[in-house]
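Trainee: Compute the structure for the input listed below.
(one chain, ligands or ions: 1)
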Amino acid sequence: MPVPKRKRSKSRRDSRFANKGMKVKAINVCDQCNAAVVPHVVCQSCGFYKGVKVLTTKLDRTQKRIETMQSKNVRKQKVATKDAAAPSDKE
Ligand SMILES: [Zn+2]
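Mentor: Numbers count the residues shown, from 1 in each chain. All right, here's what the predicted structure looks like:
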């Protein structure tokens, strides 16, 4: 197994990390919701990428849940009104 002939000095070792400093990341603005977005990445707040809906966000799921709950409640109310009306028709 090959082994390095000499120990790397601290200076040589540390000079390897000299170019790994923090860099300013590019940030774009979402066309749909104006949120800060990393370029070439789907917007996390609205789920759009290049004007196309790609992700279902948490907000979408909660809205869908509310809609299903409301439709269930409407059905329950209809059944309740039918049951209330049915005995009166028989009498
Ligand atoms: Zn967005």
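Trainee: Is the ion within reach of the helix or strand of the chain with the lowest mean pLDDT?
Mentor: Within the chain, no helix or strand scores below helix 58-90, which has a mean of 85 by mean pLDDT, DSSP states H and E. No - figure legend: helix 58-90 not in contact with the ion (CB under 5 Å from the ion); closest approach 10.9 Å. Backbone N, C-alpha and C define where each C-beta goes, glycine included.
Trainee: Pull out the CA atoms of stretch 63-75 and give them to me as CSV.
Mentor: Extracted in CSV, the C-alpha atoms of stretch 63-75 (Å, rounded to 0.1, in the frame of the first residue of the first chain):
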residue,chain,number,x,y,z
GLN,A,63,-57.4,23.7,2.0
LYS,A,64,-58.4,20.3,0.5
ARG,A,65,-59.0,18.9,4.0
ILE,A,66,-61.3,21.9,4.8
GLU,A,67,-63.2,21.4,1.6
THR,A,68,-63.8,17.7,2.2
MET,A,69,-64.9,18.4,5.8
GLN,A,70,-67.4,21.0,4.5
SER,A,71,-68.8,18.7,1.9
LYS,A,72,-69.2,16.0,4.5
ASN,A,73,-71.0,18.4,6.8
VAL,A,74,-73.4,19.4,4.0
ARG,A,75,-74.2,15.7,3.3
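Trainee: Residues touching that stretch, excluding its own?
Mentor: The contact list for stretch 63-75 (CB atoms under 8 Å, 6 or more residues apart in numbering) is empty.
Trainee: try 10 Å
Mentor: 56, 57 (CB atoms under 10 Å, 6 or more residues apart in numbering).
Trainee: Can you give the distance from that stretch to the centre of its chain?
Mentor: 23 Å (CA atoms, centre = their mean, to the nearest Å).
Trainee: Could you do stretch 46-66 as well?
Mentor: So, by CA atoms, centre = their mean, the centroid of stretch 46-66 is 8 Å from its chain's centroid.
Trainee: In that stretch, which residues are buried?
Mentor: 46, 47, 48, 49, 57 (16 or more other CB atoms under 10 Å).
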